[in-house]
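> Compute the structure for the input listed below.
(one chain, ligands or ions: 1)
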Amino acid sequence: MSDFRALDRAGFDPALAEYTGILGVDVAPALLALSARIESRKKDFEPENRATNRVRSERVALQKTVHGASLAAARVFRLARRGGRDKDHVMDADTTPHPNAQMHEYWNGLAGEKWVRLEHRLDESLQPFADGLFAAARLHSGERVLDIGCGCGATTLESARRVGPEGRALGVDISAIMLTRARERARELGLGNATFEVVDAQSDPLPAGEFDVVISRFGVMFFAHPEAAFANLLSALRPGGRLAFVCWQKIDANPWMFLPTLAAMQHVAIQRPTDPHAPGPFAFADADRVRGLMERAGWRDVTTSRFEIPFAAGGGGSLDEAVDFMMEMGPAAQALRESDAATRARVREAIYETMKPFERNGGVLMDAAAWIFSARRA
Ligand SMILES: C[S@@+](CC[C@H](N)C(=O)[O-])C[C@H]1O[C@@H](n2cnc3c(N)ncnc32)[C@H](O)[C@@H]1O
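Okay, the predicted model is just below:
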């Protein structure tokens, strides 16, 4: 239930809470948390008066974005209920034969190409999550590592370096295009103990008992049947082997994605899965649910820790580059591909205005919140 009075006290229009139910998250706590985080940053900026202005501009951007988006969301919702044009953007049920077919298409198409093109920027901005992951995985020299959804291979290559020539690292992924780049990188770096294979980690058999450690950086949230996938991953480990992965907390704890999404919603209807656990970047936001499915799949000693950092949003790069990234990769991407140039320009401007107050040292720094999970095979 939204806290109207608290919204009012924090300077937000309390009416926001009524409209934004459509977003699928209770927007009041998310806004209050964002607002508190902005306030708490005051002390980070010098001199004092410049700091106050910057904090104020972040707050104003936040309010403008959310207010506009909430009105637009209500409009889209009404149109959809009346059978209007925007209904087409409401996500359809998956009727494809392979349970992960949509993901195969997505990661072998536009998304895969984009990740290859932006490899360096993405790796730089995601590096802190790799650091958190490796701190949890505690790799030793000589160990055999399996990296799930390894993409262009950054964490597989890092694993290969950490376990040394006596150990080895296998990166698996459904995206052939990203694995081609990963193999190229291994060759460039002369890391002969890093190999890559096209494998669906949910449905393809993995070599039984062959690995000491399974890791993943944001590669395990895309399974149609996560419990089956986690049982499959378990089978690849030797008894006593370990698992560590990092995944996103809920979208409203991640302003780097939440705010540009709200901004885009002012102008386009965004696909919103009716199931919050549907495969996608935020599918593992509910840590208790994930722990439950891992335990049912046979994992032991499942632990979760919060990993919350200021994050080089939009794949790193300048403000303009970060905005372009959110246009192509964020939840608005599909709707934008089907939009005319004028709509795209309006969305771009709205995202730009939303991200601008977070510009720092030539990039955009916004808060991000992930979970780090650890577990072991009995
Ligand atoms: C967000 S990207 C992360 C890539 C990489 N781990 C990184 O941090 O740079 C998610 C990756 O998971 C892969 N993926 C999605 N579903 C998969 C599946 N069923 N089996 C294996 N990989 C999968 C995608 O192809 C993509 O490369």
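> When you work out contacts or count neighbours from here on, use the C-alpha atoms and nothing else.
Fine.
> need the contact list for the residue of the stretch 1-150 of the chain found nearest the ligand.
Residue nearest to the ligand within the stretch 1-150 of the chain (CA to the nearest ligand atom): Gly149, separated by 3.5 Å. Contacts of Gly149 were listed using CA atoms under 8 Å, 6 or more residues apart in numbering, and they are 171-174, 201, 216-220.
> got any ranges where the stretch 201-350 of the chain has weak pLDDT?
Scanning the stretch 201-350 of the chain for pLDDT under 70 picks out the ranges 271-273.
> for the ligand, what are the nearby residues on it?
Taking CA under 6 Å from any ligand atom, the part of the stretch 201-350 of the chain that reaches the ligand is made up of 201-202, 216-219, 222-223.
> before we move on, the earlier item: which ones among the contacts of Gly149 map onto strands?
Residues of the contacts of Gly149 located in strands (DSSP state E): 171-173, 216-217.
> By neighbours, which of these wins?
The residue in these with the most neighbours, by other CA atoms under 10 Å, is Gly171 (30 neighbours).
> isn't it right up against Thr156?
Yes. At 5.6 Å, Gly171 and Thr156 qualify as touching, with contact defined as CA atoms under 8 Å.
> shared neighbours, those two?
146-147, 150, 194.
> which pair in those spans the largest distance?
Largest separation among the shared contacts of Gly171 and Thr156 by CA to CA: Cys150 and Ala194, giving 11.5 Å.
> shared neighbours, the two?
Joint contacts of Cys150 and Ala194 (CA under 8 Å, 6+ apart) are 156, 171.
> May I have whatever helix or strand Ala36 lives in as CSV, with CA atoms only?
In this structure, Ala36 sits in helix 27-40 according to DSSP states H and E. Output in CSV follows, covering the C-alpha atoms of helix 27-40 (Å, rounded to 0.1, in the frame of the first residue of the first chain):
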residue,chain,number,x,y,z
VAL,A,27,6.2,3.3,-6.6
ALA,A,28,6.0,5.2,-3.2
PRO,A,29,8.7,3.2,-1.3
ALA,A,30,10.9,3.2,-4.4
LEU,A,31,10.7,7.0,-4.8
LEU,A,32,11.2,7.6,-1.1
ALA,A,33,14.3,5.3,-1.1
LEU,A,34,15.7,7.1,-4.2
SER,A,35,14.9,10.5,-2.6
ALA,A,36,16.7,9.4,0.7
ARG,A,37,19.7,8.3,-1.3
ILE,A,38,19.9,11.6,-3.1
GLU,A,39,19.7,13.5,0.2
SER,A,40,22.3,11.3,1.7
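> and the residue most central in space within the chain, helix, strand or coil?
A centroid search over the chain (CA atoms, centre = their mean) returns Pro281, at 4.3 Å, as the residue closest to the centre. Going by DSSP: H, G, I helix; E, B strand; the rest coil, the secondary structure assigned to Pro281 is coil.
> Setting aside sequence neighbours, what's the nearest residue to it?
Counting by CA to CA, 6 or more residues apart in numbering, Pro281 lies nearest to Met221, which is 5.9 Å off, once chain neighbours are set aside.
> count of residues packed around that neighbour?
22.
> what about it, distance to Asp286?
Met221 sits 11 Å away from Asp286, going by CA to CA, to the nearest Å.
> quick one, strands of the stretch 251-378 of the chain?
Taking DSSP state E, counting those that start in this stretch, the strands of the stretch 251-378 of the chain run over residues 300-312, 359-360, 363-376.
> Among the ones you listed, show me which one is buried the most.
strand 363-376 (a mean of 22; mean count of other CA atoms under 10 Å).
> Any part of it near the ligand?
No. Strand 363-376 stays clear of the ligand (CA under 6 Å from any ligand atom), getting no nearer than 12.8 Å.
> and that strand, what does it pack onto?
Here strand 363-376 touches helix 119-137, strand 237-248, helix 255-264, strand 300-312, helix 319-329, going by 3 or more CA pairs under 8 Å, 6 or more residues apart in numbering; DSSP states H and E.
> Rounded mean pLDDT for it, please.
Across strand 363-376, the average pLDDT comes to 96.
> Just checking: what are the partner strands of it?
Using DSSP bridges, strand 363-376 pairs in its sheet with strand 237-248 (antiparallel), strand 300-312 (antiparallel), strand 359-360 (antiparallel).
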